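J.: any chance you could fold what I've pasted below:
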Amino acid sequence: MDSVSIIDLEIFAHHGVFDFEKENGQTFFVSCDCALSTRAAGEADDLALALDYGSLAHRLTELFTAQSFDLIEAAAEFCARALLREFPLIRALDLTIKKPSAPVNLPLAYPQVRIHRGWQPAILALGSNIEPRQAHLDAALEALAAEPDIRVQKIAPWIETDPVGYEDQGPFINGAVQIETLLTPEALLDHIHAIEAAQGRQRLIHWGPRTLDIDIVYYADRLINTDTLTIPHPLCLTRDFVMQPLTTIAPHWIDPRYNQAVSVLWQGGE
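T.: Coordinates of the predicted model:
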């Protein structure tokens, strides 16, 4: 991955915990190292294909001075998220904020905060077996696409499947969606739970009927096992209704548990 960087952009702003910092303001130095591909711009020598570092610097200044934060950590989060949303070429960035006038009363050059943020790929599985099934699924896709921190990239064709586990219920419509997101896995889980709730999801019977079910199957190459979240989904490779649509849109996705492509693993399990 290539990079375009803004180094030590001098910005006067009003961030700080103390009242005098907010009232008087102080000078900060902000750097932004952006990971992206410069190949198309370099080969064509075309600014339209490049990340305009002038526009980037001006927008970073506007964001950094748009409001006052107690913590430069909060200012960094605010600026990083906005830049990743607004500049499509940027895949990830490192944002550094130096505060040379920090009131620490010790001889140091400056304290600084540095964060790394970027778009992360993920696979979601969707299903519904309470009418109107398709309307619930369509609403889920619309809600995902409407979230600024999610970009929907690929949508698998819908399939109709028989219920698994609890069989005294109607057939499902199932599918899969490949996204990229700025949300953490935990925040993504909260967001899809909110989408499910908006469609009337109730958890009354384990594996029972549902208006909408959304599962995080994969999130980048992360391995997560907590009380509330397990990634990769522990049963995904045994569920044809998950793997059939998933392998349609992402056959070469590497399962981090086995370091093999999902299409190979699923076929091997048949």
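J.: which neighbouring elements make contact with the helix or strand harbouring residue 61?
T.: Using DSSP states H and E, the element containing residue 61 is helix 53-64. Under the contact definition 3 or more Cβ pairs under 8 Å, 6 or more residues apart in numbering; DSSP states H and E, helix 53-64 sits against strand 2-13, strand 26-36, helix 72-86. The C-beta positions use only the backbone N, C-alpha and C, and glycine is treated the same way.
J.: one more time with 10 Å, if that's ok
T.: Applying 3 or more Cβ pairs under 10 Å, 6 or more residues apart in numbering; DSSP states H and E, one finds that helix 53-64 contacts strand 2-13, strand 26-36, helix 72-86, strand 92-98.
J.: what sits up against it?
T.: 4-6, 9-13, 15, 28, 30-32, 34, 47, 52, 72, 75-76, 78-83, 86-87, 89-90, 93, 95, 97 (Cβ atoms under 10 Å, 6 or more residues apart in numbering).
J.: one more time with 6 Å
T.: 4, 6, 9, 11, 13, 79, 82 (Cβ atoms under 6 Å, 6 or more residues apart in numbering).
J.: and what of stretch 259-266?
T.: In contact with stretch 259-266 (Cβ under 6 Å, 6+ apart) are residues 237, 243, 247, 251, 252, 253, 255.
J.: before we move on, the earlier item: tilt between the helix holding residue 61 and helix 72-86?
T.: Interaxial angle of helix 53-64 relative to helix 72-86 (axes from the mean of the first three to the mean of the last three Cα atoms, to 10 degrees): 130 degrees.
J.: tell me the first helix or strand C-terminal of the one helix or strand residue 116 maps to.
T.: Remark: residue 116 resides in strand 112-118, with elements defined by DSSP H and E. Toward the C-terminus, strand 112-118 is succeeded by strand 120-128 as the next helix or strand (DSSP H and E).
J.: what is that following strand packed up against?
T.: helix 133-146, strand 172-181, strand 213-219 (3 or more Cβ pairs under 6 Å, 6 or more residues apart in numbering; DSSP states H and E).
J.: any weak-confidence spans in the stretch 101-250 of the chain?
T.: For the stretch 101-250 of the chain, applying pLDDT under 70 flags the ranges 165-169, 201-208.
J.: please spell out the PyMOL selection for the buried subset of the contacts of stretch 259-266.
T.: Selection of the buried residues among the contacts of stretch 259-266 in PyMOL, burial being defined by 16 or more other Cβ atoms under 10 Å:
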select buried, resi 237+243+247+253+255
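J.: which members of the contacts of stretch 259-266 are positioned in strands?
T.: Assigned to strands by DSSP state E, the following of the contacts of stretch 259-266 qualify: residue 255.
J.: dump the contacts of stretch 259-266 to CSV, plus distance to residue 153.
T.: Output for the contacts of stretch 259-266, formatted as CSV (distance: Cβ to Cβ, whole Å):
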residue, distance to residue 153
237, 22
243, 19
247, 16
251, 14
252, 14
253, 12
255, 19
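J.: coming back round to it: would you format the helices and strands packed on strand 120-128 as a markdown table with mean neighbour count and distance to residue 162 included?
T.: Shown next, in a markdown table, are those (neighbours: other Cβ atoms under 10 Å; distance: least, Cβ to Cβ, whole Å):
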| stretch | mean neighbour count | distance to residue 162 |
| --- | --- | --- |
| helix 133-146 | 17 | 14 |
| strand 172-181 | 23 | 8 |
| strand 213-219 | 23 | 15 |
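J.: for residue 24, which of the ones you listed is the nearest?
T.: When these are compared by Cβ to Cβ, strand 172-181 sits nearest residue 24, at 38.7 Å.
J.: in its sheet, what does the closest one sit against?
T.: Strands that pair with strand 172-181, judged by DSSP bridges, come out as strand 120-128 (antiparallel), strand 150-155 (antiparallel), strand 159-161 (antiparallel).
J.: quick check: angle from the first one to strand 92-98?
T.: Relative orientation of strand 120-128 versus strand 92-98 (the same axes, to 10 degrees): 120 degrees.
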